[in-house]
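Q: Turn this into a model:
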Amino acid sequence: MLVANAFGTWLSQALANLVRARGYRVHFVLSGRELLDRAPLVQPDVIVLDADLPDLDSIAVCRALRQNRAPWNMPVFVVTATPATKQQRLAALEAGAWDYVSVLLNPDELILKVDAMARLKLEIERALEESAVDPASGLYTLRGLERRAHELTADAVRRHAPLACVALGIGVDPKGAGESAAALPAAAAYAAQVLRTSGRTCDCVGSVGQEEFAVLAPATTPEGAEKMAQRLSRVIETAGPRPAGVPPLRVHAGYDAVADVHQTPLEPASLLEHAGTALHQARAAGPGERIRAYRP
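A: Predicted structure coming up:
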């Protein structure tokens, strides 16, 4: 649980003691800006946000969390030390909060609310792991990519066709805003949007990890895979205008491809694995080589 400046030391500690008794670990931050920086790094099960922050408007902070700092299925509570009005509740809910509650509420009821929403978040995460497409980004999940890899491989075998996979890793360009871990979630969301609109209709674009994507590309030779890696890297780095909070980006890529899947059989899962391995090798190689083919 991530708690933002909850009403002074003693009340913050009282809230922490309540939730710790239920097995939660509590991280405190002292301002809205610190919350926006820490939320992507901590990835808490629940965020408790003080309605009266010392530096920023709590509704604006909640809206910023939903835009590029916290996934849509992460529960955010806005909590006030005074009786909550209808207008305050509506404004918080419109900004993406799951609830707006007063600490005048019975403590047992507050903890039950936290428990219920934390369990709901875990159930949503389990459902997303089984889903082929992430509803937030519109991209394939890793499980979805694995399914499509099996389908595309079987089709390529029948057609004696080529098949490729390109993996892309998103980072912050140090020549721009400098390395910032807090900026990476917003950068990844922006890159996902660019990839969704820049890929071919036949390509399957998915997220395979934090700030990493994979593109399954049917009818694509090794030479075509290299050109695709170059094109997509260039598009992500140069497309604009970038949203607020997204610094200049640097992209690394790795790829694996087979010219004729019938003549050179491959395991569908290995195509994704090999492209990912080549990406990690490109990232480890330093500033010189930013695109690398998989080499056994």
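Q: my guess is V48 meets M1, correct?
A: Yes. Using C-beta atoms under 8 Å, V48 makes contact with M1 at a distance of 6.5 Å. To be clear about C-beta, it is placed using only N, CA and C from the backbone, and glycine gets the same treatment.
Q: Look at the two and report which has more neighbours.
A: V48 (26 against 22; other C-beta atoms under 10 Å).
Q: just to revisit the earlier point, spell out which residues are contacts of both of V48 and M1.
A: Contact criterion C-beta atoms under 8 Å, 6 or more residues apart in numbering; residues shared by V48 and M1: V114.
Q: just checking, A188 is part of a helix?
A: Yes. Under DSSP: H, G, I helix; E, B strand; the rest coil, A188 sits within a helix.
Q: okay, now it: neighbour count?
A: A188, neighbours per other C-beta under 10 Å, totals 24.
Q: What's the per-residue pLDDT of it here?
A: A188 carries a pLDDT value of 86.
Q: Need the CA coordinates for stretch 157-164. PDB is fine.
A: Once non-C-alpha atoms are left out, stretch 157-164 reads as follows in PDB (Å, rounded to 0.1, in the frame of the first residue of the first chain):
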ATOM      1  CA  VAL A 157       4.700 -24.200 -42.500                       C
ATOM      2  CA  ARG A 158       1.700 -24.900 -44.900                       C
ATOM      3  CA  ARG A 159       2.600 -22.000 -47.100                       C
ATOM      4  CA  HIS A 160       6.500 -22.400 -47.100                       C
ATOM      5  CA  ALA A 161       6.400 -18.800 -45.900                       C
ATOM      6  CA  PRO A 162       8.800 -16.700 -43.900                       C
ATOM      7  CA  LEU A 163       8.000 -15.600 -40.300                       C
ATOM      8  CA  ALA A 164       9.700 -13.100 -38.000                       C
END
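Q: if we look at that stretch, which residues are touching it?
A: By C-beta under 8 Å, 6+ apart, stretch 157-164 touches 152-153, 155-156, 216-222, 224-225, 228, 255-263, 265-266, 271.
Q: do that again at 6 Å, thanks
A: Applying C-beta atoms under 6 Å, 6 or more residues apart in numbering, the external contacts of stretch 157-164 come out as 152, 156, 217-221, 225, 257-262.
Q: One more: stretch 100-118?
A: 18, 45-46, 75, 78-81, 83-84, 88-89, 92, 98.
Q: Same check on stretch 208-216?
A: 142, 145, 148-149, 152, 165-170, 184, 188, 203-207, 272.
Q: That stretch spans what distance, first to last residue?
A: With C-alpha to C-alpha, to the nearest Å as the measure, stretch 208-216 spans 12 Å from end to end.
Q: Show me what V172 is bridged to.
A: L249 (DSSP bridges).
Q: ignore the last one, V133
A: Y140.
Q: and it, how many neighbours does it have?
A: Neighbour tally, V133, other C-beta under 10 Å: 14.
Q: For L41, see how far away it is.
A: Distance of V133 to L41, computed by C-beta to C-beta, to the nearest Å: 27 Å.
Q: Then V235?
A: V235 is 28 Å from L41, by C-beta to C-beta.
Q: And for P54?
A: 21 Å.
Q: who's more crowded, those two?
A: Set P54 next to L41 and count neighbours by other C-beta under 10 Å: L41 wins out with 13 against 10.
Q: pLDDT below threshold where in this protein?
A: 2-13, 68, 104-107, 128-130, 174-182, 287 (pLDDT under 70).
Q: so where do the helices sit in it?
A: Counting by DSSP state H, the chain has helices at residues 9-20, 32-42, 58-64, 86-94, 107-130, 142-159, 184-198, 222-238, 268-284.
Q: Generate TSV for those helices, with distance to R250 as supplementary columns.
A: Shown next, in TSV, are the helices of the chain (distance: least, C-beta to C-beta, whole Å):
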stretch	distance to R250
helix 9-20	39
helix 32-42	18
helix 58-64	24
helix 86-94	36
helix 107-130	28
helix 142-159	23
helix 184-198	10
helix 222-238	7
helix 268-284	10
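Q: A70 is nearest to which of those helices?
A: helix 32-42 (5.2 Å; C-beta to C-beta).
Q: Return the set of buried residues in that closest one.
A: By 16 or more other C-beta atoms under 10 Å, the buried positions in helix 32-42 come out as 32, 34-40.
Q: now for that helix, which elements pack on it?
A: Identification of packing neighbours for helix 32-42 by 3 or more C-beta pairs under 6 Å, 6 or more residues apart in numbering; DSSP states H and E yields strand 27-29.
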